[in-house]
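>>> let's see this in three dimensions:
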Amino acid sequence: MMEQFRQLSQVPRCSGQSGAALAFLEEFCTRWGADVAIDRAGNLLATIGQPHFCLQAHYDMVCLGDQPPVLKEQGEWLMAANGTLGADNGIGVALMMKLIEEKVAGEYLFTNDEEIGLLGAKALELRPKAPWLINLDSEEEGALTIGCAGGEDWQLQIPVVREACPPEKALFLITTQGFMGGHSGIDIHRDRPSAIVQLLHHLYRLGSDGQIVALTGGERRNAIARYAEAVIATSISPPASAAFAVQPLEAHPLAPIVQSRQLLDRLLQLPHGVLGWDEACGVVSHSCNLALIESSTDRLQVDLSLRANRTDLLQESANRLEAFGRWAGAATRRHDRYPPWPPTDSQLADYARAAMRACQIEPRTEVIHAGLECGVLSEKLPHMEMISVGPSIGEPHTDRERVRLPSLARFENFIRKLCCDLSA
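Have a look, this model is predicted:
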């Protein structure tokens with residue numbers, strides 16, 4: 001499937017800007033003889049023959065630049081030299097392309113804009129007929145995922161008042177450095193500090209003399225922040241460190257925020273990280289990611305991402321943010337909710353375990369603390385049993401994203417075996 005992945009990698013497919021990728025897939029599937037249907041959300045269903053199964057992957061990707069990934073091999077890993085690789089979920093798309101080229105009878109569902117809120121799955125109008133759906137968006141070889149977290153995003157608008165900078169205070173830019181970032185679901189328990197949260201603590205430690213002028217941080221709502229920066233007005237020169245660089249400024253268009261210390265008190269009350277653990281499934285039960293922060297003239301905007309493996313836990317986390325908004329006098333908005341996928345050990349999972357073992361892959365049944373389209377699709381397509389599988393992909397959504405090359409051949413053999421068994 002590497003040739004198909006190389007072809008796909010030359011097509012722009014950043015989330016929210018994936019029109020060229022849809023056109024590419026439509027032409028590709030039509031050229032190889034599939035019946036193609038496309039809905040208003042940009043989802044594409046390609047059908048060959050009499051299908052007994054449906055393979056599903058999303059064709060959009062998280063981009064950290066505006067150029068297609070330049071592929072490079074480093075040992076047993078495939079990476080991109082210039083940003084995210086797009087193996088999430090491009091490897092699944094490439095495998096589906098290869099099976100379509102070979103005219104393997106089945107349904108092939110390509111969904112749009114998964115990375116910005118499962119938008120394609122939420123708006124799906126297409127209706128696959130097969131009884132089994134195999135999502136190809138998992139990221140560990142041998143993992144057989146049968147359940148996942150749901151989530152929702154929150155935005156807080158905290159009002160601020162500004163005053164002229166006192167003459168005895170100077171301006172300094174403080175920037176974070178050396179933070180890893182990561183996926184806000186699967187990496188939230190890995191002790192990877194958020195650049196935003198650490199910067200807030202750093203500003204608090206500097207004392208009450210400093211006034212916040214500007215705060216900016218984070219990259220995306222579904223990523224642990226790698227970078228944040230603050231401009232402060234202070235009469236005491238702040239020290240630099242391994243985690244924080246300091247640079248004096250001559251001027252800034254914004255004036256200092258009145259009662260900056262009170263603002264920090266409030267921001268440090270926001271939840272971030274693991275909020276609970278599911279001992280039975282061995283996974284995080286609910287979490288919150290303080291994803292983005294941005295100051296403007298009269299307000300500070302904070303974006304947070306909630307995840308939970310149960311609907312009641314998701315609501316508890318939402319109640320907490322709603323209460324914070326009332327206490328802090330902040331306007332709140334909740335949006336982009338998606339449901340959890342309750343763990344279901346099905347007949348399809350039994351087929352998958354047998355196919356893995358036949359391909360010398362030891363299966364591990366698991367529930368993950370990340371959003372998969374299966375949560376949405378299981379509500380829209382209740383007649384279908386579902387699982388999620390994939391090859392070994394490391395650090396998706398970052399410029400260190402990589403896929404383990406030896407796992408690709410085994411993954412392809414496993415999917416071929418499973419599709420053959422389901423069609424027998």
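
>>> domain-wise, how is this structure divided?
2-149+340-423, 152-338 (automatic domain parsing).

>>> deepest of those, which one?
domain 2-149+340-423 (a mean of 20; mean count of other CB atoms under 10 Å). All C-beta spots, glycine's among them, are computed from the backbone N, C-alpha and C.

>>> gap between V274 and F24?
From V274 across to F24, the span is 39 Å (CB to CB, to the nearest Å).

>>> before we move on, what about G394?
26 Å.

>>> what about the nearest residue to D113 once chain neighbours are set aside? Give its phi and psi, please.
Leaving out its chain neighbours, the residue that sits closest to D113 by CB to CB, 6 or more residues apart in numbering is L119, at 3.9 Å. Note on L119: backbone dihedrals following degrees, to the nearest 10 are phi -60, psi -40.

>>> now do the contacts for L119.
By CB atoms under 8 Å, 6 or more residues apart in numbering, the contact set of L119 is A41, N112, D113.

>>> how about those in a markdown table, adding distance to P131?
A markdown table is the format used below for the contacts of L119 (distance: CB to CB, whole Å):
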| residue | distance to P131 |
| --- | --- |
| A41 | 24 |
| N112 | 24 |
| D113 | 27 |
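
>>> can I get these in a markdown table with pLDDT and distance to H383?
Below are these laid out as a markdown table (pLDDT from 0 to 100; distance: CB to CB, whole Å):
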| residue | pLDDT | distance to H383 |
| --- | --- | --- |
| A41 | 97 | 20 |
| N112 | 98 | 22 |
| D113 | 96 | 24 |
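
>>> and which of the residues you listed is nearest to K129?
Nearest to K129 out of the contacts of L119 is A41 (CB to CB; 19.2 Å).

>>> hmm, which helix or strand of the chain has the shakiest average pLDDT?
strand 182-183 (a mean of 86; mean pLDDT, DSSP states H and E).

>>> state the mean pLDDT of the host helix or strand of I158.
Assigned by DSSP states H and E, I158 falls within strand 150-159. Averaged across strand 150-159, pLDDT comes to 96.

>>> equivalent analysis for stretch 215-227, please.
Rounded mean pLDDT across stretch 215-227 is 93.

>>> name the nearest residue to Q157, ignoring sequence neighbours.
A331 (4.2 Å).

>>> tell me who's in contact with A41.
Counted by CB under 8 Å, 6+ apart, A41 has contacts N112, D113, L119, G120, K122, A123, L124, E125.

>>> now the two most distant members of those residues.
Greatest spatial distance among these (CB to CB): D113 and E125, at 14.3 Å.

>>> tell me which entries of the contacts of A41 lie within helices.
In helices, judged by DSSP state H, the following of the contacts of A41 are found: L119, G120, K122.

>>> how about a markdown table for those residues, with distance to H252 added?
Formatted as a markdown table, the ones in helices among the contacts of A41 follow (distance: CB to CB, whole Å):
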| residue | distance to H252 |
| --- | --- |
| L119 | 37 |
| G120 | 41 |
| K122 | 41 |
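
>>> got JSON lines for those, with pLDDT and distance to C359 too?
Shown next, in JSON lines, are the ones in helices among the contacts of A41 (pLDDT from 0 to 100; distance: CB to CB, whole Å):
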{"residue": "L119", "pLDDT": "94", "distance to C359": "34"}
{"residue": "G120", "pLDDT": "97", "distance to C359": "30"}
{"residue": "K122", "pLDDT": "96", "distance to C359": "33"}
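
>>> in CSV, list the C-alpha atoms belonging to the longest strand belonging to the chain.
For the chain, the strand with the greatest residue count under DSSP state E is strand 283-295. Extracted C-alpha coordinates of strand 283-295, given in CSV (Å, rounded to 0.1, in the frame of the first residue of the first chain):
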residue,chain,number,x,y,z
VAL,A,283,-7.8,3.4,30.6
VAL,A,284,-8.5,7.0,31.5
SER,A,285,-12.2,7.5,32.2
HIS,A,286,-12.4,11.3,31.7
SER,A,287,-10.0,14.1,31.1
CYS,A,288,-9.8,17.8,30.1
ASN,A,289,-7.2,19.5,27.9
LEU,A,290,-6.6,23.2,28.2
ALA,A,291,-5.9,23.5,24.5
LEU,A,292,-5.9,27.1,23.4
ILE,A,293,-5.6,30.6,25.0
GLU,A,294,-5.7,34.0,23.2
SER,A,295,-6.0,37.5,24.6
